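[1] Output the structure for:
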Amino acid sequence: MNRRTFLVGALTAAALPRLVDHVRAAAAADREGEMIYRTLGKTGERVSAIGLGGFHIGQQPDEQESIRLIRTAIDRGITFLDNSWDYNGGASEMRMGKALRDGYRGKVFLMTKIDGRTREAAAEQIEESLRRLQTDRVDLMQIHEVIRMEDPDRVFAPGGALEALLSGTSASPGTRTPRSTAGCSTWRPPTTSGSTPSRCP
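    Residues are numbered from 1 along each chain as shown. Predicted coordinates for the structure are as follows:
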């Protein structure tokens, strides 16, 4: 063992207990009952460290079982609920919307995702998600499956989906879709123009 390896090992061994204590203290500082909570990025929103995904919620044979699962999760402290416009042909959002009746909507941070790449398609999907979820707002809206090289350019282009997210404009002329926040984040692949990572609020 050389001197450098020895020093790195010694310093790591000395620092590790302190790091573990710091992590434990941070976890204990924001715990309620059995659940740990965290601040979501730079939003300032406090959410549960464990979230409930929406995809599987649309697959139970009995819709009432899905509703019970969602409400039980919320009753046990889960506040971060994920969904998407295309999960199970919309069944996931519809079931979650029913589960969030009777005051449950006010207990959660609700997010969903859309697939539309144009302003018009995105606006239509946003409206449909709001109807299914039985709410006038979602707390976080994301662009789903940005997996093709051209997807970021389509979303950020004039007339792209980002315009619908940021403007709040619905697909119908003269109307607006109320939402509390609309968020997106994506990495734009390097191009000949030297594009950089792009983010929006």
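[2] Could you look up the SS state of the residue nearest the centre of the chain?
    Centroid check for the chain by C-alpha atoms, centre = their mean gives residue 111 as the closest residue, at 4.7 Å. Using DSSP: H, G, I helix; E, B strand; the rest coil as the criterion, the local structure at residue 111 reads strand.
[3] List the contacts of it.
    With contacts defined as C-beta atoms under 8 Å, 6 or more residues apart in numbering, residue 111 is in contact with 80, 81, 82, 83, 138, 139, 140, 141, 142. All C-beta spots, glycine's among them, are computed from the backbone N, C-alpha and C.
[4] same thing with residue 164?
    Residues in contact with residue 164, defined by C-beta under 8 Å, 6+ apart, are 116, 119, 120, 122, 123, 126.
[5] got the domain boundaries for the chain?
    Annotated domains of the chain cover 1-32, 39-200 [automatic domain parsing].
[6] pLDDT on the longest one, on average?
    Confidence for domain 39-200, expressed as mean pLDDT, is 83.
[7] how far is that domain from where the chain is centred?
    On the basis of C-alpha atoms, centre = their mean, to the nearest Å, domain 39-200 sits 7 Å off its chain's mean C-alpha point.
[8] give me the number of residues near the nearest residue to residue 132 once chain neighbours are set aside?
    Distances taken as C-beta to C-beta, 6 or more residues apart in numbering place residue 93 nearest to residue 132, at 3.8 Å, with adjacent residues excluded. Residue 93 has 26 neighbours, counted by other C-beta atoms under 10 Å.
[9] Please enumerate the strands of this protein.
    With DSSP state E as the criterion, the chain has strands at 31-32, 35-39, 46-48, 51-52, 80-81, 109-114, 140-143, 184-186, 198-200.
[10] ok, of the contacts of residue 164, which one's closest to residue 33?
    Nearest to residue 33, judged by C-beta to C-beta, of the contacts of residue 164 is residue 126 at 34.2 Å.
[11] related to what we said a few turns ago, so among the contacts of residue 164, which ones count as buried?
    With burial judged by 16 or more other C-beta atoms under 10 Å, the buried subset of these is 116, 119, 122, 123, 126.
[12] Report the spatially closest residue to the first one, excluding sequence-adjacent ones.
    Using C-beta to C-beta, 6+ apart and skipping residues adjacent in sequence, the residue nearest residue 116 is residue 122, 3.7 Å away.
[13] quick one: that neighbour from residue 90, how far?
    The gap separating residue 122 from residue 90 is 16 Å, by C-beta to C-beta, to the nearest Å.
[14] same thing with residue 120?
    Residue 120 sits 19 Å away from residue 90, going by C-beta to C-beta.
[15] quick revisit: dump the contacts of residue 111 to JSON lines, plus neighbour count and distance to residue 57.
    Output for those, formatted as JSON lines (neighbours: other C-beta atoms under 10 Å; distance: C-beta to C-beta, whole Å):
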{"residue": "80", "neighbour count": "23", "distance to residue 57": "14"}
{"residue": "81", "neighbour count": "29", "distance to residue 57": "9"}
{"residue": "82", "neighbour count": "20", "distance to residue 57": "10"}
{"residue": "83", "neighbour count": "27", "distance to residue 57": "8"}
{"residue": "138", "neighbour count": "24", "distance to residue 57": "16"}
{"residue": "139", "neighbour count": "22", "distance to residue 57": "17"}
{"residue": "140", "neighbour count": "22", "distance to residue 57": "17"}
{"residue": "141", "neighbour count": "27", "distance to residue 57": "18"}
{"residue": "142", "neighbour count": "19", "distance to residue 57": "17"}
